[in-house]
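**Student:** Turn this into a structure:
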Amino acid sequence: MLNFITAGESHGPELTVILDGLPAGLPLTEEMITADLARRQEGPGSGGRMLIETDTAIITAGVMEGRTTGAPVAIKIVNKDHANWKGKAVRAYTIPRPGHADLSAVIKYGFDDIRPALERASARETAARTAMGAVCRAFLKQFGITVSARIKSIAGRIGDFETVIHSATKNGETLGGVIEITAEGLPPGLGTYAQWNRRLDGRLAAALLSIPAMKGMEIGDAFQNAALPGTRVHDAILPGGARETNNCGGLEGGITNGQPLLIRLAMKPIPTTIKPQKSYDLSTGKACETKYERSDVCPVPRAVVVTEAMTAFVLAQALLEKLGGDSIGEMKPRFNALPRNARVAADDRIFWP
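**Tutor:** Presented below is the predicted three-dimensional model:
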């Protein structure tokens, strides 16, 4: 089974991701991965860290002469900011931020300094996920499957994002928003209803809600559909299996139905704000206010590529389960034999291409 693990801290020497279970023969270069890393560093609302880092993928295992070997692929990303912290005495951080992992980590692990938690809980870790996702996107591309995402809204506003972000910056605030993800070219039959932990909608939710600050998710028009009667919600089936609508977002019973996969994610405003918030000092037990450390104002634009990465991972995992095989060459004939979406021909007959 395709799986990955990341390691590294926000201000440590580097981030590392290992992706295990890829087939042999996938064309892959560092430049392909670095292109997605660059997307993660762009967008209004970015903090000062992005002025320091220039994330570049370095493949250290699993690729020879530009193609995967079937062994685990290892990628590292150097943290340039590490040099600014290395060897320096750093004061203990003892004022937990509401909404962050700070206080929960202190209670769980018995820390008297929050830094060990915030270093790993930091969204800096998503750079490693982005690198992993770029590899999965390259795999899906071999089969004509694409994953893309866009900003749906920021702070409830559709469009004119720079203005609302600029206003939040002036006011010492942070902003969240909604990201919309689309995957096209998926065959019917990925995922299964046979067991709860194999349903594709559940797997997508687990992956996407693991991204820092993601707090809500819908597939298709889920929240709107919850207020409607069933006959106005479900996608009518035409002879041969074609659909009139895609309200279910491409998934039924935990299985892809051949329609485009549609997902929306709600991202909360991040906890590190210039404007102080109520908290207390762990070292004294006394009430106080949070102290600002460098952060984004609105991470939504930068999170777009991270949501693509996690979606691509789950879909690549499901496709590998469906096809089996050890190489791209072995998988392509199997993919080509799968049923495709039903569609309406010129003479109005439904057929499977």
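**Student:** make it CA atoms for all contacts and neighbour counts henceforth
**Tutor:** Fine.
**Student:** What residues does residue 72 make contact with?
**Tutor:** 18, 19, 20, 21, 22, 61, 62 (CA atoms under 8 Å, 6 or more residues apart in numbering).
**Student:** quick one, strands of the stretch 151-300 of the chain?
**Tutor:** Using DSSP state E, counting those that start in this stretch, the strands of the stretch 151-300 of the chain run over 177-184, 214-219, 251-252, 255-256, 261-267, 278-280, 287-289.
**Student:** Redo those as a markdown table? Include mean pLDDT, mean neighbour count and distance to residue 317.
**Tutor:** Output for the strands of the stretch 151-300 of the chain, formatted as a markdown table (pLDDT from 0 to 100; neighbours: other CA atoms under 10 Å; distance: least, CA to CA, whole Å):
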| stretch | mean pLDDT | mean neighbour count | distance to residue 317 |
| --- | --- | --- | --- |
| strand 177-184 | 98 | 21 | 14 |
| strand 214-219 | 98 | 18 | 19 |
| strand 251-252 | 96 | 20 | 16 |
| strand 255-256 | 96 | 20 | 13 |
| strand 261-267 | 98 | 23 | 15 |
| strand 278-280 | 97 | 16 | 42 |
| strand 287-289 | 97 | 14 | 44 |
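**Student:** Just put those in a markdown table and tack on distance to residue 45.
**Tutor:** Compiled in a markdown table, the strands of the stretch 151-300 of the chain are given as follows (distance: least, CA to CA, whole Å):
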| stretch | distance to residue 45 |
| --- | --- |
| strand 177-184 | 12 |
| strand 214-219 | 17 |
| strand 251-252 | 34 |
| strand 255-256 | 35 |
| strand 261-267 | 14 |
| strand 278-280 | 24 |
| strand 287-289 | 24 |
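**Student:** Residue 121: which of those strands is closest?
**Tutor:** Of all the strands of the stretch 151-300 of the chain, strand 214-219 sits nearest to residue 121, with 13.3 Å by CA to CA.
**Student:** other SSEs contacting that closest one?
**Tutor:** When contacts are defined as 3 or more CA pairs under 8 Å, 6 or more residues apart in numbering; DSSP states H and E, strand 214-219 packs onto helix 200-208, strand 261-267.
**Student:** Now the first one: buried residues?
**Tutor:** Spelled out, that is helix 200-208. The neighbour-count check on helix 200-208 (16 or more other CA atoms under 10 Å) flags 200, 201, 203, 204, 205, 208 as buried.
**Student:** looking at the strands of the stretch 151-300 of the chain, which is closest to residue 326?
**Tutor:** Proximity to residue 326 (CA to CA) singles out strand 255-256 among the strands of the stretch 151-300 of the chain, at 23.4 Å.
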